[in-house]
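> My questions are about this predicted structure, shown below with the sequence.
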4 protein chains.
Amino acid sequence: MHKIPVGVLGASGYAGRELCALVAGHPRLELAFAAARERRGERLRVAGRDVTFVGADEAPLGDAALVFSALPHGASAEWVGHARAAGAKVVDLSADLRPGNGAAHGAGKGSAGALDAGAPYGLPELTREAVRLASVVANPGCYPTATLLALLPLLARDLLAPDATIAVNAASGVTGAGFTPRHDLLFAEVSEDYRAYGVGNGHHHLAEMRAVLAGFGGAAASADLVFTPHLLPVARGILATIVVPVREAIADPAALWARHYAGEPFVEIADAPPSLREVVRRNVARIHVTTVRDTQRPTLLILAAIDNLVKGAAGQAVQNANLLLGIDETAGLLAGVR
Amino acid sequence: MHKIPVGVLGASGYAGRELCALVAGHPRLELAFAAARERRGERLRVAGRDVTFVGADEAPLGDAALVFSALPHGASAEWVGHARAAGAKVVDLSADLRPGNGAAHGAGKGSAGALDAGAPYGLPELTREAVRLASVVANPGCYPTATLLALLPLLARDLLAPDATIAVNAASGVTGAGFTPRHDLLFAEVSEDYRAYGVGNGHHHLAEMRAVLAGFGGAAASADLVFTPHLLPVARGILATIVVPVREAIADPAALWARHYAGEPFVEIADAPPSLREVVRRNVARIHVTTVRDTQRPTLLILAAIDNLVKGAAGQAVQNANLLLGIDETAGLLAGVR
Amino acid sequence: MHKIPVGVLGASGYAGRELCALVAGHPRLELAFAAARERRGERLRVAGRDVTFVGADEAPLGDAALVFSALPHGASAEWVGHARAAGAKVVDLSADLRPGNGAAHGAGKGSAGALDAGAPYGLPELTREAVRLASVVANPGCYPTATLLALLPLLARDLLAPDATIAVNAASGVTGAGFTPRHDLLFAEVSEDYRAYGVGNGHHHLAEMRAVLAGFGGAAASADLVFTPHLLPVARGILATIVVPVREAIADPAALWARHYAGEPFVEIADAPPSLREVVRRNVARIHVTTVRDTQRPTLLILAAIDNLVKGAAGQAVQNANLLLGIDETAGLLAGVR
Amino acid sequence: MHKIPVGVLGASGYAGRELCALVAGHPRLELAFAAARERRGERLRVAGRDVTFVGADEAPLGDAALVFSALPHGASAEWVGHARAAGAKVVDLSADLRPGNGAAHGAGKGSAGALDAGAPYGLPELTREAVRLASVVANPGCYPTATLLALLPLLARDLLAPDATIAVNAASGVTGAGFTPRHDLLFAEVSEDYRAYGVGNGHHHLAEMRAVLAGFGGAAASADLVFTPHLLPVARGILATIVVPVREAIADPAALWARHYAGEPFVEIADAPPSLREVVRRNVARIHVTTVRDTQRPTLLILAAIDNLVKGAAGQAVQNANLLLGIDETAGLLAGVR
């Protein structure tokens, strides 16, 4: 069967390389180009083949039916415009087009504003039909993916307690901080350590989550979301641990979550707390939900684990690309990443 | 100066070995015996000297002015009685005598019940004067130490919001699970992983925290405490991340915490989120507090980091022993553990 | 196409579980049973399906065309006999039938001795044709696999210097020490540590390597082999670092190694030192060879990396099973282990 | 007692920070300045106090009785000259003045050549008396420290076999590669990996070791030294694993090593293979030596563990400083680094 050519912008970072590997193993896609400005000419070994990076300016955007942009926040929106102008559909992995980020990224604002209207948020478990009809998709952030998939069954049923404070504690592996060398990401700094960052609602993923919550109206719109990310001494994986008061006691929350996600290929409802090992290199969110014992107000504890580079980035991007291109949503995503 | 003889029961576990090391480096204490039933006759190298374990039955309890019991929960209370009968003061590192654990440990109930009356909870920053007058102290659990030190300034001023849900997420290094070999503690199982356990308020430290909170009355007594511990791929350290709604906005929470702990030798108020590296091998709790931005209800984010084996176990036990013995509370604790 | 039923004895250990995963993903094999005495009745999740362990006594040996034995050294040979009596071919992953181990494992000696005659050493790159004709294969140890694949091009050409001392330093991930809980394998003991063990030629894999070397005669038979294994703080992977004096300078050793292994599907000659990441979860040995500079006697430095659980155990076992069963040697082995 | 002012150039790297910490805890030294060009104005927290970095050009060299230079190789020699001109003694932690490095560092050659005459190699266990009389000392590299301390008892007695090949395999923690951010030193690249580098005698520490060996004459001068360093996924520590043929069998090598190092405060002869944990944060080399079994030529296996930042860098530098300044060689070095 004919393979569909796709390109990757920002191919040398962690998400970009994961995209190249997923495309290399995809039954319906082939890599038209992999662009990485600073590493132009270097080769990357993915799935047993060599990929040579081109500069972004040399990337033959028009050769690709679809372009993944894994460029940095602020620098991506402009390239989304170039790719669209060249006739390619786009999955943008940056924050530039995501809800809640309009003001945050001044540099790309002009083009982003224009595109935003037509760029649905690419969380297929929430927005599948919009994605199918779109030309550009804003691929969700890693933390929002874990958090929102954990909360969707509540949000869809308006089960949050009025005036709820949703406490989201999340911990991410180091690849979530990117491939650009920094002192604080050196092995000798991260090993045997653990710390919070962006505390007190300082992380830029918060706006994205809040915008999605607001879209549900009801108690979700007035909830207080408190988001605290942490840096884990692991390479990959995110675990979100969420404490959320609910309107009334839910007899069997696990059954409710299972019903909500029935038929979803990439959500697993687990009967025990999920661990990073269970999700790493797989395009899944693995969720456990339980009622907290011995509280006066009915409260749920929800845990959601994903691989930040797969369901939290490149895997979800391929899932969105499959939808944009009208092929099987699971194509190239069931076998995991090598 | 004459050194005071102390003994260690349960000396071969992580907390027991840490106690031996702290005693070896203590200017006023010397090790009368180190008992470890299963490793009787084995030698431990601490602080440049060899310690030979004796069996618990052979431990010359009467030779010690004070006995540390690092025996397992349920097995400790009986030995507390033996040590008392032999005339020694006792710091019990097990949960047996801690508040909230009366029913939980049937085996030791009789003696524990009797002792409980006279065994204050040994969190010196809260109960210093009671400890000074006692003969037996219940050394706090590691998670409660971090959590309670984080919350004390609020509790003391009844600043919790009415009907508050206190969401305590905590992550601990693997030594917190003890030295007994288990499949799930093997390096190859823990490395590159992270997971919650005891979710939905299933951890036995919860009763201890609740009992202390109840003692404060007011909003603390009616708060919902939701405690979720996690296993970190590090050897040592606990970080507690706490989301707590407060009665009213607090203008400068860091200043309030600093005032509350002014003069405390083992509490540090940090102007940035604490990391495990900053506290490992030190008898300190390092706390950061900040107001959460953009919430409708005033909410604090409090982070507290300790070394689970030092301020969370052996170091705090020595701090309590110093108080029981009437010597400088900081003796042997400022230089860290080797 | 009809799938061939195979069974796994000792299925709950690291190699056993890897075997179950490889069989689950194999296009021509299916799992007839997975036996694990101590974990009878427990379920293992492999490749998206649940496997329930049976006790070894309940294992329907006769239902399997081939049995993998991942039982402990000393306990395996007896079960090899049982499986043979039931009509199954056998790949024995224990040391019981390996060359050089006759005397070492008294318990299984009787049967082992009998079988030994007909049990070739299953290093296909050396003994492929013998394996094809056999009913029982002795699957090599992990260290010998890395070491011998590194040395074979020299041995086959008698290029070792006379009276050579071959210094083999090897480092292995912790899964190499097995799944049985031990103090020294706990995360908190292994993390941030590194040490040698079995030093001074005390490791039982040495006899196996020596026996194979002796089979080559010439300088190999009289060489001094010095083998020093080390424990790495990683879960998987072995790197062997070998210093070996050669008879005469070799102009282009990389080319010689490439020629020797031309057409081998599971040996890669690398132009840079291999890293564990390049081989983990893959059934390959990745080898780099270079001439040592500035020495008076011509000397090679050879590095060989494998995954101890794949090419060093379960993957190689499947490779041998493929040969024993007359199917494609690479079947089920090109995609890696999930 | 009056404290002696010392300065640190290159204070922001791993060795520089370790020097600041050691000086802060030293009973006879105090920090006159800590210079770090790129981090000028930043504060470093060491031993409970804040140190503010000055630029190198601002460093009051003349205020220091002794200057430690932890500047990069090639950049250090010039500053050694400046410090000498200002009247300070110098311990140079760079390679610039070390034996064997004359040609390697062109930039500093002129001054280095001049100084070399008067700059003994600062391995006190070999050159203590020369250091006492010097004004400038070339502090040894980390790998040479471990390797040479392992070999000195052999070298001093000319016990190497004629035409010996000394195979030195060494593995180092990541701090050995410095604090400058690099892709290959990121946590996510190093964790769960292990690899050799500088293979085939490509590491610049080789010249240093060879120059010292040559100084012994005899078999040492004609031995082939093969040195292969590896990168370990740990923060600190070096283990050197050395295979060395000897002239004749040595009945009790451990006793010989113990005799050679009798009275040395910073060398420990261990009766089991040393682990990194035993030496980390301590200024010691821990050595184990054993005769290799079942070889035709008498061969020793020697293991030496050090902390690359302490006995391999900053600790040894303080040891040399103590000698240069005529104070107790062990001052500030027995308690370990915090």
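Everything's here; your move.
> Tell me how many other residues crowd the nearest residue in space to A:Gly13 that is not next to it in sequence.
Leaving out its chain neighbours, the residue that sits closest to A:Gly13 by CB to CB, 6 or more residues apart in numbering or on different chains is A:Phe179, at 4.6 Å. No exception for glycine: its C-beta is placed from N, CA and C like everyone else's. Neighbourhood size, A:Phe179 [other CB atoms under 10 Å in any protein chain shown]: 17.
> quick one, what contacts A:Phe179?
A:12-14, D:183, D:186 (CB atoms under 8 Å, 6 or more residues apart in numbering or on different chains).
> and the two most separated of the residues you listed?
Pairwise distances across these (CB to CB) peak at 13.3 Å, for the pair A:Ser12 and D:Leu186.
> For the two, indicate the residue with more neighbours.
Under the criterion of other CB under 10 Å, the comparison of A:Ser12 against D:Leu186 puts D:Leu186 first, with 26 against 21.
> List the contacts of A:Glu41.
Just to correct that, residue A:41 is Gly rather than Glu. A:52-53.
> got it, and A:Gly16?
Counting by CB under 8 Å, 6+ apart, A:Gly16 makes contact with A:8-10, A:34, A:36, A:68, A:70, A:314.
> what does A:Val190 give?
Counting by CB under 8 Å, 6+ apart, the residues that A:Val190 touches are A:174, A:184, A:231, A:233, D:187.
> Over to A:Val280?
A:236-237, A:307, A:310, B:192.
> Would you check which of those are in contact with chain C?
Residues of the contacts of A:Val280 in contact with chain C (CB under 8 Å from any CB of the partner chain): B:Glu192.
> Could you work out the most separated pair of the contacts of A:Val280?
Largest pairwise distance in the contacts of A:Val280, by CB to CB, is 14.7 Å, between A:Val310 and B:Glu192.
> Those two: who's more crowded?
Just comparing A:Val310 and B:Glu192: by other CB under 10 Å the higher neighbour count belongs to A:Val310, 29 against 21.
> With adjacent residues omitted, what lies nearest to that one?
A:Val310 sits nearest to A:Asn283 (CB to CB, 6+ apart), 4.9 Å away.
> Verify the stated contact: the one you found with A:Glu264.
No. If you go by CB atoms under 8 Å, A:Asn283 and A:Glu264 don't touch, sitting 11.5 Å apart.
> Counting neighbours, what do you get for A:Ala59?
Around A:Ala59 there are 26 residues (other CB under 10 Å).
> what sits against the residue lying closest to it once chain neighbours are set aside?
Leaving aside its chain neighbours, A:Ala59 sits nearest to A:Ala35 (4.0 Å; criterion: CB to CB, 6+ apart). When the contact criterion is CB under 8 Å, 6+ apart, the partners of A:Ala35 are A:7-11, A:53-56, A:58-59.
> how near is A:Ala35 to A:Pro60?
9 Å (CB to CB, to the nearest Å).
> right, and the secondary structure at the closest residue to chain D within the stretch 101-250 of chain A would be what?
The nearest approach of the stretch 101-250 of chain A to chain D comes at A:Pro181, 3.3 Å away (CB to the nearest CB). Here A:Pro181 is coil, with the state taken from DSSP: H, G, I helix; E, B strand; the rest coil.
> The residue nearest to A:Val292 when sequence neighbours are not counted - how many residues pack around it?
Once flanking residues are discounted, A:Val292 sits nearest to A:Thr299: 4.3 Å by CB to CB, 6+ apart. Residues lying near A:Thr299 (other CB under 10 Å) number 23.
> so what's A:Thr299 up against?
Neighbouring residues of A:Thr299 by CB under 8 Å, 6+ apart: A:243-246, A:291-292, B:165, B:224, B:226.
> Those into CSV, with extra columns for pLDDT?
As requested, the contacts of A:Thr299 are exported to CSV (pLDDT from 0 to 100):
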residue, pLDDT
A:Val243, 98
A:Val244, 98
A:Pro245, 97
A:Val246, 97
A:Thr291, 97
A:Val292, 97
B:Thr165, 96
B:Asp224, 96
B:Val226, 97
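> returning to that earlier point: so what's the residue nearest to A:Ala59 bridging to?
Bridge pairing for A:Ala35 (DSSP bridges) gives the partners A:Leu9, A:Val54.
> Could you give the bridge partners of the residue lying closest to A:Gly198 once chain neighbours are set aside?
Spatial nearest neighbour of A:Gly198, excluding adjacent residues (CB to CB, 6+ apart): A:Pro229 at 5.5 Å. Here A:Pro229 sits in beta bridges with A:Ala170, as judged by DSSP bridges.
> quick one: A:Pro229 and A:Ser172 touch, right?
Yes. The pair A:Pro229 / A:Ser172 is scored as a contact, 6.3 Å apart, by CB under 8 Å.
> Mutual contacts of these two, please.
A:Tyr143.
> Neighbour count for these two, which is higher?
A:Ser172 (26 against 23).
> right, and the secondary structure at A:Pro5 would be what?
Under three-state DSSP, A:Pro5 comes out as strand.
> separation between it and chain C?
24 Å (CB to the nearest CB, to the nearest Å).
> What residues does the residue nearest to that residue when sequence neighbours are not counted make contact with?
Leaving aside its chain neighbours, A:Pro5 sits nearest to A:Ala32 (3.8 Å; criterion: CB to CB, 6+ apart). Going by CB under 8 Å, 6+ apart, A:Ala32 touches A:5-7, A:60, A:63-64.
> How confident was the prediction at the nearest residue to A:Gly178 once chain neighbours are set aside?
Sequence neighbours aside, A:Gly13 is the residue nearest to A:Gly178 in space, at 6.0 Å (criterion: CB to CB, 6+ apart). The confidence metric pLDDT takes the value 94 at A:Gly13.
> What count of nearby residues applies to A:Gly13?
21.
> list the contacts for it?
A:36, A:70, A:178-180.
> Could I have the buried ones of the residues you listed as PyMOL selection syntax?
Command for PyMOL that selects the buried part of the contacts of A:Gly13, burial taken from 16 or more other CB atoms under 10 Å in any protein chain shown:
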select buried, chain A and resi 36+70+179
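> isn't A:Ala150 right up against A:Thr241?
No. A:Ala150 is not in contact with A:Thr241 according to CB under 8 Å; the separation is 9.2 Å.
> which secondary structure element contains A:Ala258?
When elements are assigned from DSSP states H and E, A:Ala258 belongs to helix A:253-260.
> Can you list the buried residues in that helix?
So, applying 16+ other CB under 10 Å, buried residues of helix A:253-260: A:253-254, A:256-258, A:260.
> Kindly report the same for stretch A:58-68.
In stretch A:58-68, counting by 16+ other CB under 10 Å, buried: A:59, A:61, A:64-68.
> need the residues you listed in a markdown table with distance to A:Glu129, pLDDT and secondary structure, can you?
Compiled in a markdown table, the buried residues of stretch A:58-68 are given as follows (distance: CB to CB, whole Å; pLDDT from 0 to 100; DSSP: H, G, I helix; E, B strand; the rest coil):
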| residue | distance to A:Glu129 | pLDDT | secondary structure |
| --- | --- | --- | --- |
| A:Ala59 | 31 | 94 | coil |
| A:Leu61 | 27 | 96 | helix |
| A:Ala64 | 24 | 97 | coil |
| A:Ala65 | 21 | 98 | coil |
| A:Leu66 | 19 | 98 | strand |
| A:Val67 | 22 | 98 | strand |
| A:Phe68 | 21 | 98 | strand |
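> ok, of those residues, which one's closest to B:Asn322?
Closest to B:Asn322, out of all of these and judged by CB to CB, is A:Phe68, at 61.2 Å.
> Name all residues that make contact with the closest one.
A:6-9, A:16, A:19, A:90-91, A:93, A:314, A:317, A:321.
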